[in-house]
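Trainee: This is a predicted model, with the sequence first.
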Protein chains: 2
Amino acid sequence: MTVAPTATVTAGPGLERLSLNTATTKRWTLAEAVAGCVAAGIPGIGLWRDRVAELGAEKAARLVRDAGLTVTSLCRGGFLTAPDAAGRAAALEDNRRAVEEAAALGTDTLVLVCGGMPGGSRDLPGARRMVADGISALAPYAHQHGVRLAIEPLHPMFCADRAVVSTLGQALDLAEEIGGTHGGDSVGVVVDSYHVWWDPQVEQQIARAGRRIAAFQVCDWVLPLPADALLGRGHVGDGCIDVRALATAVAAAGYQGFTEVEIFNQEIWDTPGEQTLRTLVDRHRSILGEAP
Amino acid sequence: MTVAPTATVTAGPGLERLSLNTATTKRWTLAEAVAGCVAAGIPGIGLWRDRVAELGAEKAARLVRDAGLTVTSLCRGGFLTAPDAAGRAAALEDNRRAVEEAAALGTDTLVLVCGGMPGGSRDLPGARRMVADGISALAPYAHQHGVRLAIEPLHPMFCADRAVVSTLGQALDLAEEIGGTHGGDSVGVVVDSYHVWWDPQVEQQIARAGRRIAAFQVCDWVLPLPADALLGRGHVGDGCIDVRALATAVAAAGYQGFTEVEIFNQEIWDTPGEQTLRTLVDRHRSILGEAP
């Protein structure tokens, strides 16, 4: 695979709004992922900061732009909880760099995984206040850079260690409160099938979210959960989530953006990237093809 | 340890409402668990059906009654979802036996772990309807036997395989709908710290629950999650849940029943039961002692 793709992407039939999140092809460099998308006819790409850092934001932006790809999100900012003020200030500083990178990469969406509970703490409401304060502090800076902070509620199984924002309703409460202060819909939310599918309120909260939906990410819930609970995600169609129903709901709420496939799964990471992308394309066509 | 305890329990100071759920001392027979409670001054016991079955409900009831213990719950009924009508009918039949056992054991609380999604299904709303239908069908029978069905919302990480009832709010919606038809508060809910602690709405839903709270179970969320996600629970105080705050909330809602300690954890199961009960007693006094 060449490092600098010479071709620009042409979306395959039915793939006009499909995006590869680079976490899905974890072993690929950014250049390999870009070339893979071009070859597969996948017009969108969601970027992780580690892969962007390998080239630097400017070079990464040029690589992606030259290939004709749309950057659908930058993953990720957040981790705003810390046991002390210095830690929280350092987190904010890192998030400002992430805002700048998003702007440089030409995406208006910075995904926030908000952070879990500081080690040894039992103060969940306190951790949630830290998150609200952190996003509030970051919002004006993001707004200045034309970047939208996209709060991602994570599955409650990650509440202790990764994100104290656990439901879409909670994320929307935050987004409305902070976005109201800092310019309308400058704070949005991420709808990720893996994190929200179980929620008895998910349909009504997606409808409530409307144009605050900044990104729609998909994968499936596969049993049994692996030893590392982070890695239990599967290809759309391999598990028990009705991803199509969620896609229909976000479309009905007015979301017109890409569907970004983000899968953490050791077996998929061990599969050649080209094969993984073929599966993405097949599942997108067969499962999400008719959804709006 | 003798099989038939000759002594009856005297609750230790501050332990008047402490109950041992027998899943916590998994290796103990029922007779050993009863003797252990008497020795430790723990006046309540929550029973699992497998240990009851070893003796039969009548003998088990006599053993517990002779020891002066209060049976705080029978675990468990439920698993009402099945791919076909025959499976659901068989589940209902098994639940009727559980109702009879609860009545024989002298407890008015049958805990329901409602069941996950039938294998291969992606129809979560359909599975939730099966649960509602099943509890509705069971409620009159339970009411006749003086037994309350206690719907236990399970952590959303168990939605696919164990319980499609994932939040206390959802459990209360069910309990109100079904209980309204079948005699007031004949359908209740279980508040288990492990399952509800992450919920941004937990305090308001506990307040809403009021006297529908049929059981209060406690343990802690300990990181990292083990390979078997079922077994990640720890002693109260060993993790990140503010169990005391939850105890205060259920007391404020009007709950005056026992605090039942239910822990699934291989390391604790491998610990001598007497030692486990000492830890239960210590934690109850130090963490929950002043609560209600």
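Mentor: Arrived safely, thanks for sending.
Trainee: Skipping its backbone neighbours, what lies nearest residue A:150 in space?
Mentor: residue A:214 (3.7 Å; CB to CB, 6 or more residues apart in numbering or on different chains). Glycine gets a C-beta too; all of them are placed from N, C-alpha and C.
Trainee: Please confirm that that neighbour is located within a strand.
Mentor: Yes: looking at residue A:214 with DSSP: H, G, I helix; E, B strand; the rest coil, it is inside a strand.
Trainee: can you give me how far the host helix or strand of residue A:249 is from the chain middle?
Mentor: Under the criterion of DSSP states H and E, residue A:249 resides in helix A:243-252. In terms of CA atoms, centre = their mean, to the nearest Å, the centre of helix A:243-252 is found 17 Å from the chain centre.
Trainee: Tell me the helices and strands packed up against it.
Mentor: In terms of contacts (3 or more CB pairs under 8 Å, 6 or more residues apart in numbering or on different chains; DSSP states H and E), helix A:243-252 is packed against helix A:193-196, helix A:202-209, strand A:213-218.
Trainee: List the buried residues in it.
Mentor: A:243-251 (16 or more other CB atoms under 10 Å in any protein chain shown).
Trainee: mind saving the C-alpha coords of that helix as PDB?
Mentor: This file holds the C-alpha atoms of helix A:243-252, laid out as PDB (Å, rounded to 0.1, in the frame of the first residue of the first chain):
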ATOM      1  CA  VAL A 243     -28.600  -0.600  14.600                       C
ATOM      2  CA  ARG A 244     -31.000   0.100  11.800                       C
ATOM      3  CA  ALA A 245     -33.700   1.300  14.200                       C
ATOM      4  CA  LEU A 246     -31.200   3.700  15.700                       C
ATOM      5  CA  ALA A 247     -30.100   4.900  12.300                       C
ATOM      6  CA  THR A 248     -33.800   5.500  11.400                       C
ATOM      7  CA  ALA A 249     -34.300   7.400  14.700                       C
ATOM      8  CA  VAL A 250     -31.300   9.700  14.200                       C
ATOM      9  CA  ALA A 251     -32.400  10.400  10.600                       C
ATOM     10  CA  ALA A 252     -35.900  11.200  11.800                       C
END
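Trainee: That helix relative to helix A:202-209, how many degrees between them?
Mentor: 20 degrees (axes from the mean of the first three to the mean of the last three CA atoms, to 10 degrees).
Trainee: follow-up on the earlier one: let me have the helices and strands packed on helix A:243-252 in CSV, extended by mean neighbour count.
Mentor: Formatted as CSV, those follow (neighbours: other CB atoms under 10 Å in any protein chain shown):
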stretch, mean neighbour count
helix A:193-196, 26
helix A:202-209, 19
strand A:213-218, 27
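Trainee: looking at the ones you listed, which is closest to residue B:152?
Mentor: Shortest distance between residue B:152 and the helices and strands packed on helix A:243-252, using CB to CB, is found for helix A:202-209: 21.1 Å.
Trainee: Can I get the helices and strands packed on helix A:243-252 in TSV including mean pLDDT?
Mentor: Output for the helices and strands packed on helix A:243-252, formatted as TSV (pLDDT from 0 to 100):
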stretch	mean pLDDT
helix A:193-196	98
helix A:202-209	98
strand A:213-218	98
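Trainee: can you list the ones you listed in TSV and add distance to residue A:231?
Mentor: Formatted as TSV, those follow (distance: least, CB to CB, whole Å):
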stretch	distance to residue A:231
helix A:193-196	11
helix A:202-209	23
strand A:213-218	16
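Trainee: So which of the ones you listed is nearest residue B:109?
Mentor: helix A:202-209 (30.6 Å).
Trainee: Give me the angle between the closest one and strand A:213-218.
Mentor: 150 degrees.
Trainee: For helix A:202-209, C-alpha coordinates in PDB please.
Mentor: Once non-C-alpha atoms are left out, helix A:202-209 reads as follows in PDB (Å, rounded to 0.1, in the frame of the first residue of the first chain):
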ATOM      1  CA  VAL A 202     -33.200   6.100  23.800                       C
ATOM      2  CA  GLU A 203     -35.800   6.900  21.200                       C
ATOM      3  CA  GLN A 204     -37.300   9.800  23.000                       C
ATOM      4  CA  GLN A 205     -33.800  11.200  23.800                       C
ATOM      5  CA  ILE A 206     -32.700  10.900  20.100                       C
ATOM      6  CA  ALA A 207     -35.800  12.800  19.100                       C
ATOM      7  CA  ARG A 208     -35.100  15.400  21.700                       C
ATOM      8  CA  ALA A 209     -31.500  15.700  20.600                       C
END
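Trainee: what does that helix rub up against?
Mentor: A:167-169, A:172, A:189, A:191, A:196, A:199, A:213, A:246, A:249-250, A:252-253 (CB atoms under 8 Å, 6 or more residues apart in numbering or on different chains).
Trainee: Say whether chain B is contacted by the least confident helix or strand in chain A by mean pLDDT.
Mentor: For chain A, counting by mean pLDDT, DSSP states H and E, helix A:168-181 ranks last in confidence among helices and strands (a mean of 92). Yes: using CB under 8 Å from any CB of the partner chain, helix A:168-181 reaches chain B at A:169-170, A:173.
Trainee: which among these gets closest to residue A:143?
Mentor: residue A:173 (19.5 Å).
Trainee: For the closest residue in space to the closest one that isn't next to it in sequence, list the residues it contacts.
Mentor: Leaving aside its sequence neighbours, residue A:173 sits nearest to residue B:200 (CB to CB, 6+ apart; 7.9 Å). Listed by CB under 8 Å, 6+ apart, the contact partners of residue B:200 are A:128, A:166-167, A:169-170, A:173.
Trainee: if I've got this straight, residue B:200 is in a strand?
Mentor: No: counting by three-state DSSP, residue B:200 is located in no strand; its state is coil.
Trainee: thought residue A:152 was touching residue A:194?
Mentor: No: assessed by CB atoms under 8 Å, residue A:152 is found out of contact with residue A:194, at 10.6 Å.
Trainee: Tell me the residues of the stretch 151-292 of chain A that contact chain B?
Mentor: A:155-157, A:159-161, A:166-167, A:169-170, A:173, A:197-200, A:221, A:223-227, A:229, A:239-242.
Trainee: Drop the exposed ones from those residues and show what's left.
Mentor: Of those, these count as buried by 16+ other CB under 10 Å: A:155-157, A:159-161, A:166-167, A:169-170, A:197-200, A:221, A:225-226, A:229, A:239-242.
Trainee: ok, how many other residues are close to the closest residue in space to residue A:27 that isn't next to it in sequence?
Mentor: Leaving out its chain neighbours, the residue that sits closest to residue A:27 by CB to CB, 6+ apart is residue A:269, at 6.1 Å. For residue A:269, the count of nearby residues is 17 (other CB atoms under 10 Å in any protein chain shown).
Trainee: Look up which residues are beta-bridged to residue A:188.
Mentor: Beta-bridge pairing for residue A:188 (DSSP bridges): residue A:150.
Trainee: any idea how far it lies from residue B:119?
Mentor: Look at residue A:188 and residue B:119: by CB to CB, to the nearest Å, they are 36 Å apart.
Trainee: The two: which has the busier surroundings?
Mentor: Neighbour count, other CB under 10 Å: between residue A:188 and residue B:119, residue A:188 has more, with 26 against 11.
Trainee: What residues are bridge-paired with the residue most central in space within chain A?
Mentor: For chain A, the residue sitting closest to the mean C-alpha position, by CA atoms, centre = their mean, is residue A:111 at 5.3 Å. Residue A:111 has these beta-bridge partners by DSSP bridges: residue A:75, residue A:150.
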